[in-house]
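Engineer: fold the following, please.
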Amino acid sequence: MRVGIVDDHEVVREGLRLALTGTPELAVEVVAEAGSGQEARDLVRRHGMDVLLLDYRLPDATGDALCADLLGLRPSLRIVMLTSYLSEDVVQRCRSAGAAGFVTKAAGLDELRSVLGRIAAGEDGGVVRSTSATVQRLYAAAKPGDAGADARRVLTPQQERVLELAAEGYTYAEIGARLHLSVSTVRFHIRGVKERLGVRTRSQLIATAIREALIAPGSDATGR
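Structural biologist: A predicted model of the protein is given here:
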């Protein structure tokens with residue numbers, strides 16, 4: 001299992017790396033580490049990994065927004081949120097953003113290993129044992145993409161703008177010129193939105209985006 005670690009405390013990152021690589025049954029390889037939201041984005045772009053351990057509180061980002069952003073860059077990534085701040089709202093936000101697991105730092109390494117083991121076996125990590133039954137119920141019930149608001153939450157601002165321009169009929173080259181992006185980056189964003197919304201073609205993407213209220217009904221490619 002290839003794992004990345006994002007935490008703004010170097011001591012925490014080092015401790016996690018040593019603990020996880022010292023667990024033979026998990027076969028963990030820590031491929032990269034980061035200490036901020038921006039570094040996390042660069043890490044996900046540059047390194048192939050199966051799981052990302054993501055601190056909820058970073059100097060330049062909050063966990064749910066960053067989780068959604070990173071999944072936009074790499075939809076197949078499994079993200080496990082690490083936090084000292086446990087509340088029903090935080091759990092709901094992380095689940096709606098697409099997090100595969102949620103572990104409080106107070107729960108200990110055994111709980112983290114257990115969550116990673118379940119992810120390796122193809123299961124969602126779930127919520128740590130020490131949380132209340134209410135929080136566990138909320139985590140299980142809040143599924144990404146259940147409604148337009150949730151779908152919007154898991155799209156990055158860049159993806160939303162690319163989607164709007166695509167729906168207006170602009171080509172990838174034209175979108176790139178307007179947003180100062182390369183054509184390959186525009187294609188990457190479109191592919192990420194398609195995967196997030198579960199569609200395959202551009203027409204399906206636009207129709208679904210309108211239905212999910214991600215773009216206004218008037219934002220139609222035929223209207224250009």
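
Engineer: show me what contacts A34?
Structural biologist: Taking C-beta atoms under 8 Å, 6 or more residues apart in numbering, we find A34 in contact with 4-6, 40, 42-43. To be clear about C-beta, it is placed using only N, CA and C from the backbone, and glycine gets the same treatment.

Engineer: export these to TSV and tack on distance to D110 and neighbour count?
Structural biologist: Shown next, in TSV, are these (distance: C-beta to C-beta, whole Å; neighbours: other C-beta atoms under 10 Å):
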residue	distance to D110	neighbour count
G4	21	23
I5	18	26
V6	21	27
A40	25	29
D42	31	13
L43	26	21
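
Engineer: got the domain ranges for this structure?
Structural biologist: Following automatic domain parsing, the chain resolves into domains at 2-141, 155-223.

Engineer: least confident secondary structure element in the chain?
Structural biologist: Every helix and strand of the chain was ranked by mean pLDDT, DSSP states H and E. The lowest is helix 148-153, at a mean of 45.

Engineer: what about the helices in this protein?
Structural biologist: 10-21, 37-46, 63-73, 88-96, 109-120, 133-141, 148-153, 157-167, 172-179, 183-197, 202-211 (DSSP state H).

Engineer: before we move on, the earlier item: name the nearest of the contacts of A34 relative to L71.
Structural biologist: Relative to L71, the closest of the contacts of A34 is A40; by C-beta to C-beta it sits at 11.7 Å.

Engineer: least reliable of the helices of the chain going by mean pLDDT?
Structural biologist: The weakest mean pLDDT among these belongs to helix 148-153, with a mean of 45.

Engineer: what comes up buried for stretch 189-207?
Structural biologist: 189-190, 192-194, 196-197, 199, 205-206 (16 or more other C-beta atoms under 10 Å).

Engineer: which one of those residues is nearest to G72?
Structural biologist: For G72, the nearest member of the buried residues of stretch 189-207 is G192. The distance, counting by C-beta to C-beta, is 4.9 Å.

Engineer: which residues touch the closest one?
Structural biologist: 72-73, 75, 159.

Engineer: gap between it and V51?
Structural biologist: 19 Å (C-beta to C-beta, to the nearest Å).

Engineer: then A177?
Structural biologist: A177 is 36 Å from V51, by C-beta to C-beta.

Engineer: of the two, who's got more company?
Structural biologist: V51 (23 against 13; other C-beta atoms under 10 Å).

Engineer: run through the bridge partners of that one.
Structural biologist: Assessed by DSSP bridges, V51 has beta-bridge partners V3, R78.

Engineer: report the two of the buried residues of stretch 189-207 separated the most.
Structural biologist: G192 and I206 (15.6 Å).

Engineer: neighbours around E174, how many?
Structural biologist: E174, neighbours per other C-beta under 10 Å, totals 15.

Engineer: might you report the residue contacts of the closest residue to it other than its chain neighbours?
Structural biologist: Closest residue to E174 apart from its sequence neighbours, by C-beta to C-beta, 6 or more residues apart in numbering: L165 at 7.5 Å. With contact set as C-beta under 8 Å, 6+ apart, L165 has these partners: 174-175, 178-179.

Engineer: who wins on neighbours among those?
Structural biologist: In the contacts of L165, the most neighbours by other C-beta under 10 Å go to I175, 23 neighbours.

Engineer: quick one: it from A99, how far?
Structural biologist: 29 Å.
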